[in-house]
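Asks: Kindly generate the corresponding structure for this input.
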Amino acid sequence: MKKIELHCHLDGSLNIEYANKLIGYDVKDKLVSTKDKNLTEYLKRFDLPIDLLQTKDNIEEFSYLLSKDLEKDEVIYAEVRFCPLLHTKKGLSIDEVINSVIDGFYRNFSVKVNLILCMMRNLTFDENKTIIDYAIKYKDDGVVGIDLAGDEIKYKTKDFEKLFDIAKENNIPFTIHAGEADGHESIDAAIKFGAKRIGHGIKAIENKNTIKKILQNDILLEICPSSNDDTGIYSITKNPFKELYDMGAKICINTDNRTVSNTNLKEEYEQISEIFGFTNQELINFNLNAIDKAFCSDFEKYKLRKEILNEK
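Replies: So this is what the prediction gives:
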C-alpha cells in the first residue's frame, strides 16, 4: 500500500548501519528504545543522533538514507521534522544545516519529502523565533511548516502563544506536539493557537470538551502507536486513538521515530489492523486524511490522491 507520513523526526530515524560505521561499533542499544519509562527517558535516545548530525556530509547522508527507508516502506510523500539549531554545535550555519537535509532528500526522486522545522520547548523565545524566520526564508523551497516539540510536561504549550501568533502573521502552517505526555489542556492550547494538526493528541480522551473542539475544528491527529507504547503513555492495545476515531476524529498513522521506536508504517498498519480490526479501506482513508491536512500545495495533494487511489 502506498502511504503518506506526516509525523517523522529526522534525528529519531537515523540509519543504524551508517551510524555504526561512523562510530566504529554497534550503537543500536543507544538508539533503539526498549520500552522507556516515560517521554523524558525516551528523549535521551536523541543525544547520540544529534551528535552525529553536526557535519554537512553526515546530515546529507542520513537524510538520503531516511529517504531510502521511506521508499522501501512505500511512502510516496513525507513531512520530516527536525530542529536545525540543534545541529550547529560544531560551526555549521542554520542555512548549511537546512540545505544539507534538503540535498540529502533531493538525491532520491522516488519520495517527495518536505521539511517541518521544530521549535523546541526548552529553547528561548528568540531562538524559537529564529526557527520561524528560517521557515519564512525557506517557505516553498523545501520547508512547509513549523512544529513545537520537546518536554511537554516541563514546558507547557500555553506559554508559546506569541510564537504561533508570529507564524500566523507570516502564513506559516504549523502542527504542535500536544496531548502526548501532558493532559488535554495542552491540546486546548494548541487549538486556541489555530493548529489544524496535532502531534499525538491522544490525551484528548480525558475531556469531552477537548474532543468536541477537535471535531468542530476539523483537526487531524497525527497518531504514533508504537511511540506511545515506548514512552509508557499507552500500550498499543490500550491506546485510545481507536476510541477517538470512533467518535469521529480524523487521524493519520505515523512512525514518529523509525529508529528509536524500531518501526515503519507497514508494521504500524499491520499492528493496528490486527488489534483493532481496521480494514484496508480505512487505512487508505487515513492516508487521504493526511493528504488533506498536508502542508504541500493543492496541486501536489491532487496528484497524491490519484496515486493513493490508483487513479490514472
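Asks: For the rest of this, base every contact and every neighbour count on C-alpha atoms.
Replies: Noted.
Asks: Let me see the ranges of the strands in the stretch 201-312 of the chain.
Replies: Under the criterion DSSP state E, counting those that start in this stretch, strands of the stretch 201-312 of the chain are mapped to 220-223, 250-253.
Asks: Out of those strands, which one sits most buried?
Replies: strand 220-223 (a mean of 27; mean count of other CA atoms under 10 Å).
Asks: can you list contacts of that one?
Replies: The contact list for strand 220-223, computed with CA atoms under 8 Å, 6 or more residues apart in numbering, reads 6-7, 196-202, 214, 241, 249-254, 289-290, 293.
Asks: ok, 6 Å please
Replies: 197-201, 250-254 (CA atoms under 6 Å, 6 or more residues apart in numbering).
Asks: Looking at these, which is nearest residue 88?
Replies: residue 199 (25.5 Å; CA to CA).
Asks: neighbours of the closest residue to residue 229 other than its chain neighbours, just the number please.
Replies: Leaving aside its sequence neighbours, residue 229 sits nearest to residue 235 (CA to CA, 6 or more residues apart in numbering; 4.4 Å). Using other CA atoms under 10 Å, residue 235 has 16 other residues around it.
Asks: sorry, back to before: adding mean pLDDT, write the strands of the stretch 201-312 of the chain out as JSON lines.
Replies: Formatted as JSON lines, those follow (pLDDT from 0 to 100):
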{"stretch": "strand 220-223", "mean pLDDT": "98"}
{"stretch": "strand 250-253", "mean pLDDT": "98"}
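Asks: per-residue confidence at the residue nearest to residue 229?
Replies: We have a pLDDT of 94 for residue 235.
Asks: Dihedrals phi and psi, it?
Replies: phi -70, psi 160 (degrees, to the nearest 10).
Asks: Please tell me how far it sits from residue 98.
Replies: 35 Å (CA to CA, to the nearest Å).
Asks: Where does pLDDT dip in the stretch 201-312 of the chain?
Replies: 312 (pLDDT under 70).
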